[in-house]
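1. Task: produce atomic coordinates for the following.
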Amino acid sequence: MPRHISLIFPGQGSQSLGMLNNFSESELGNISDLTNNISDINIIECITNGPEDVLNKTSITQPAILITSYLYYQKFITDTGLVPDLFAGHSLGEYSALLASNSIDLSTAVSLVHKRGIFMENAKPGSMFAILNLDLISIQNICKKVEKATGEIVSAANINSQNQIVVAGDMNSSRLVAEKCKEAGAKRCIQLNVSVASHCALMRNAADKLEFELNNTLITEPDIPIIHNFDASPSFDPVEIKSKLKKQLFKPVQWVETMRHIKNYDGIVIECGPGKVLTGLAKTNGLNNILSMTSSTFKNDLQQLL
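-> So this is what the prediction gives:
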């Protein structure tokens, strides 16, 4: 019986200069022409040569990662001939999953995530901290107390693993939560190098603007099930998918539950995109048989598992 295959697509933070170096000009195809229509910046040129601060700008990072992940997916299909059974994407990666499942076309997806990035950039600035080795309930209780004391916004944003939870919110309240988490026994509290506070209430206005764009975007039933960030469950109704994409922007990423869902299949898990962030998170969530397409031994490793 064939092994169950899940593909997971990375989000913001996985980008790096030169992340398209593994692709030939023929593989890149007409991607450059497509991206020129959405921004005054040549995204492919920016990925290749920088400058890095422009690549790290949210409205550029998001289409850059989506394009790179899509190219890795095309390479996966071409090189292996396999059809995946399940998709999941971390934050932005959910759009890569929709693209891979033929739920949205490439030009529409690139334009949509570019606009999503702009809406996020225009939201109230905030901070995000990765809290290591402190349980979710303790973190949530600290967030509630700080919100009540300050009148500001802060909450758990990315529930990545039992030992890594990211909080997001106003700059002051996020810093206070990090300090109190450290006092409560957290091993480390690391401020992330971001200017936008994703997956918290600061993104509500951005989510409303995104909803308008989604309502004018053609999204169809996916060919392959996608586990959504909002509730760690699949949806096939386009209206429901759009609703989840809106909520995803100001609600926490339920990655632990997503990994639990995938773990039930006891199959092969492949990170499809730049970097190995999700490969590491999958391991910390207790999954086995995890591969990254950026690994030089990917093809051989996959053959051994099939």
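2. Assign a three-state SS to Gly275, would you?
-> Applying DSSP: H, G, I helix; E, B strand; the rest coil to Gly275 yields a three-state assignment of coil.
3. List the contacts of it.
-> Gly275 makes contact with Pro10, Gly13, Ser14, Gln15, Ser16, Met19, Ser292, Thr294, according to C-beta atoms under 8 Å, 6 or more residues apart in numbering. C-betas here are computed from N, CA, C, even on glycine.
4. And Ile262, by the same measure?
-> Per C-beta under 8 Å, 6+ apart, neighbours of Ile262: Ser6, Ile8, Leu86, Ala88, Ile227, Val269, Leu287.
5. how about 10 Å then?
-> Shown in contact with Ile262 (C-beta atoms under 10 Å, 6 or more residues apart in numbering): 4, 6-8, 85-88, 227, 232, 269, 282, 285, 287.
6. Relative to Glu240, how far out is it?
-> 20 Å (C-beta to C-beta, to the nearest Å).
7. what does Asn158 give?
-> Going from Asn158 to Glu240 by C-beta to C-beta gives 22 Å.
8. Mind checking which of the two has more residues around it?
-> With neighbours defined as other C-beta atoms under 10 Å, Asn158 and Glu240 compare such that Asn158 has more, 25 against 12.
9. The more buried one belongs to a strand?
-> Yes: assessed with three-state DSSP, Asn158 lies in a strand.
10. okay but it is in contact with Ile139, surely?
-> No: using C-beta atoms under 10 Å, Asn158 makes no contact with Ile139, being 11.4 Å away.
11. ok so, going back, go ahead and build a PyMOL selection from the buried members of the contacts of Ile262.
-> Here is the PyMOL command that selects the buried residues among the contacts of Ile262 (16 or more other C-beta atoms under 10 Å):
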select buried, resi 4+6+7+8+85+86+87+88+227+232+269+282+285+287
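12. Mind picking the one among the contacts of Gly275 that's closest to Pro63?
-> Gln15 (10.6 Å; C-beta to C-beta).
13. Hmm, Asp53 and that closest one touching each other?
-> No: with contact defined as C-beta under 10 Å, Gln15 does not count as touching Asp53 (11.9 Å).
14. Give the intersection of the neighbour lists for those two.
-> By C-beta under 10 Å, 6+ apart, Gln15 and Asp53 have these common neighbours: Ile60.
15. Settle it for me: which of these two has more neighbours?
-> Ranked by neighbour count (other C-beta under 10 Å), Gln15 and Asp53 place Gln15 first, with 21 against 8.
16. gap between stretch 21-34 and the chain center?
-> The chain centroid and the centroid of stretch 21-34 are separated by 22 Å under C-alpha atoms, centre = their mean, to the nearest Å.
17. That stretch: end-to-end distance?
-> Start-to-end span of stretch 21-34 (C-alpha to C-alpha, to the nearest Å) is 19 Å.
18. what does it rub up against?
-> Here stretch 21-34 has contacts from 20, 42-45, 47-48, 63, 67-68, 70-72, 74-75, 78, 106-107, 110-111, 274, 293-294, 296, using C-beta under 10 Å, 6+ apart.
19. Just the buried subset of those residues, please.
-> 20, 43-44, 47, 63, 67-68, 70-72, 75, 110-111, 274, 293-294.
20. Report how many residues lie close to Phe212.
-> 12.
21. coming back round to it: which members of the contacts of Ile262 are the farthest-apart pair?
-> Counting by C-beta to C-beta, the most remote pair of those is Asp85 and Asn285, 18.5 Å apart.
22. I figured Leu92 hits Pro63, correct?
-> Yes: at 9.3 Å, Leu92 counts as touching Pro63 under the criterion of C-beta under 10 Å.
23. and for these two, which residues touch both?
-> Joint contacts of Leu92 and Pro63 (C-beta under 10 Å, 6+ apart) are Val113, Arg116, Gly117.
24. Turn these into a markdown table, including distance to Glu152.
-> Below are these laid out as a markdown table (distance: C-beta to C-beta, whole Å):
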| residue | distance to Glu152 |
| --- | --- |
| Val113 | 28 |
| Arg116 | 24 |
| Gly117 | 24 |
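25. Select from those the one having the most neighbours.
-> Val113 (26 neighbours).
26. Quick one: the strands in the stretch 1-150 of the chain, in order.
-> All strands of the stretch 1-150 of the chain, identified by DSSP state E, counting those that start in this stretch, fall at 5-9, 86-89, 127-132.
27. out of the ones you listed, which comes closest to Leu202?
-> Nearest of these (C-beta to C-beta): strand 127-132, 10.0 Å.
28. May I have the closest one exported as PDB, CA atoms only?
-> Extracted C-alpha coordinates of strand 127-132, given in PDB (Å, rounded to 0.1, in the frame of the first residue of the first chain):
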ATOM      1  CA  SER A 127       5.900  43.000  18.400                       C
ATOM      2  CA  MET A 128       6.200  39.200  18.500                       C
ATOM      3  CA  PHE A 129       8.100  37.000  21.000                       C
ATOM      4  CA  ALA A 130       8.800  33.300  20.900                       C
ATOM      5  CA  ILE A 131       8.300  31.800  24.300                       C
ATOM      6  CA  LEU A 132      10.300  28.600  24.900                       C
END
